[in-house]
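Participant: need coordinates for the below:
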Amino acid sequence: MINGFNENLMRIDDLTAADRYLDRITKLPPAPGVATELLGLFSDPNIDIDRVIDLIRRDPSLTANVIKMCNTAHFRGAEPSNDIFEAVTRLGFYDVYRVVAALLGARAMAMWKTKGGLNINDLWRHSVASAIAAGKLAKRTDESEAAAYTAGLLHDIGKLVFASVEGARYADLAHEAKKTGTSLRDAERAAFGVDHALVGEQLLVRWGLPESLTQSVGLHDEPPQIGQPFGRLTAIVQIASDLAEQAGPGGPRAQVGPSLHPAAMELLGITEEDMPALIAEIQAGLQQVAGISTVNFDPLI
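Facilitator: The predicted model follows:
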């Protein structure tokens, strides 16, 4: 109990440090409005389709993306759809949710102007692949696919904050950590007094996202503990990020490396033998959302 108490105090101190870091940012992006409202609506088990459609119609780019996904080869019916009601009913709520979450993530990334070094498109591709992997893992482990998808999509948003504020200094730090095999988390803490996971968590808290999402983002580099609130969702995000790295461009690899998070795999009952099939599922999922996963942010930032 004493150890748990001390760990809670340390976490409060860490979150306070993350808040102080965010307070230094003069123009902190606001929560993406309609998309955030829709994410809250999708968490209601008695979801109202008319309310969903009304909100989507208020956002022209969201309307266009939902109809675009509906008309991809995977979902297209005999005739293409140009009506949002038909598109939503054809896709189903989970796939509409994926479009909404992806647009939220894309807009969040487009709000930040990075100052050299960070390849925002690479970060976005990793985020989308992590989201798809998290959704697949959630389905296998009877967790919420929607929550897992969103947590996977936003888990590295703190890196974008660092890249925007610190510029080339952060790019150099990340490059050096990778070259030397140093933990990026340790390098961030040494340089900035806080790591990207905690900064991301506190940004999402300020946006008013659910605690399940904020904590799973904030703890995604920590080994999950039995009985930890949202520990299974955190474990899903950890493994999903591993899978997204291993899926890579160009199809599943012939040799799949070991997971970096064995405790998370044990918690979820996932084995190394499951990995190749999961990577193949990620590749198939990326094909379904190809228009979203290849966003070009250059005109937006």
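
Participant: give me the helices and strands touching whichever strand or helix holds A131, please.
Facilitator: Assigned by DSSP states H and E, A131 falls within helix 120-140. Helix 120-140 makes packing contacts with helix 93-111, helix 145-154, helix 157-166, helix 231-247, helix 275-288, helix 290-293 when contacts are defined by 3 or more C-beta pairs under 8 Å, 6 or more residues apart in numbering; DSSP states H and E. (Glycine included, C-beta is placed from N, CA and C.)

Participant: possible to save the ones you listed as TSV with mean neighbour count, distance to A174 and mean pLDDT?
Facilitator: Converted to TSV, the helices and strands packed on helix 120-140 look like this (neighbours: other C-beta atoms under 10 Å; distance: least, C-beta to C-beta, whole Å; pLDDT from 0 to 100):
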stretch	mean neighbour count	distance to A174	mean pLDDT
helix 93-111	22	16	76
helix 145-154	27	19	87
helix 157-166	23	8	88
helix 231-247	26	14	90
helix 275-288	18	23	82
helix 290-293	17	22	54
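
Participant: do you know which of those lies nearest A129?
Facilitator: helix 231-247 (3.6 Å; C-beta to C-beta).

Participant: so what does that closest one touch, helix or strand wise?
Facilitator: Helix 231-247 packs on helix 120-140, helix 145-154, helix 211-218, helix 262-268, helix 275-288, going by 3+ C-beta pairs under 8 Å, 6+ apart.

Participant: that older thread, columns distance to E222 on top of the helices and strands packed on helix 120-140, output as TSV?
Facilitator: Converted to TSV, the helices and strands packed on helix 120-140 look like this (distance: least, C-beta to C-beta, whole Å):
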stretch	distance to E222
helix 93-111	22
helix 145-154	14
helix 157-166	14
helix 231-247	7
helix 275-288	22
helix 290-293	28
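
Participant: can you check which of these gets nearest to A17?
Facilitator: Here helix 157-166 is closest among those (C-beta to C-beta), at 12.4 Å.

Participant: list the buried ones in the next helix-or-strand element following the closest one?
Facilitator: Once the chain leaves helix 157-166, the next helix or strand it forms, by DSSP H and E, is helix 168-180. By neighbour count with 16 or more other C-beta atoms under 10 Å, helix 168-180 contains the buried residues R169, Y170, A171, L173, A174, A177.

Participant: follow-up on the earlier one: check the offset of the helix holding A131 from the chain's centre.
Facilitator: Its chain's C-alpha centre and that of helix 120-140 lie 7 Å apart, by C-alpha atoms, centre = their mean, to the nearest Å.

Participant: the closest residue to G40 other than its chain neighbours and V217: what is the separation?
Facilitator: Of all residues not flanking G40 in the chain, P210 sits nearest, at 7.8 Å (C-beta to C-beta, 6 or more residues apart in numbering). P210 sits 11 Å away from V217, going by C-beta to C-beta, to the nearest Å.

Participant: those two: which has the busier surroundings?
Facilitator: V217 (31 against 16; other C-beta atoms under 10 Å).

Participant: wait, the more buried one touches E201, no?
Facilitator: Yes - using C-beta atoms under 8 Å, V217 is in contact with E201, at 5.0 Å.

Participant: before I go, just wanted to say thanks for your time.
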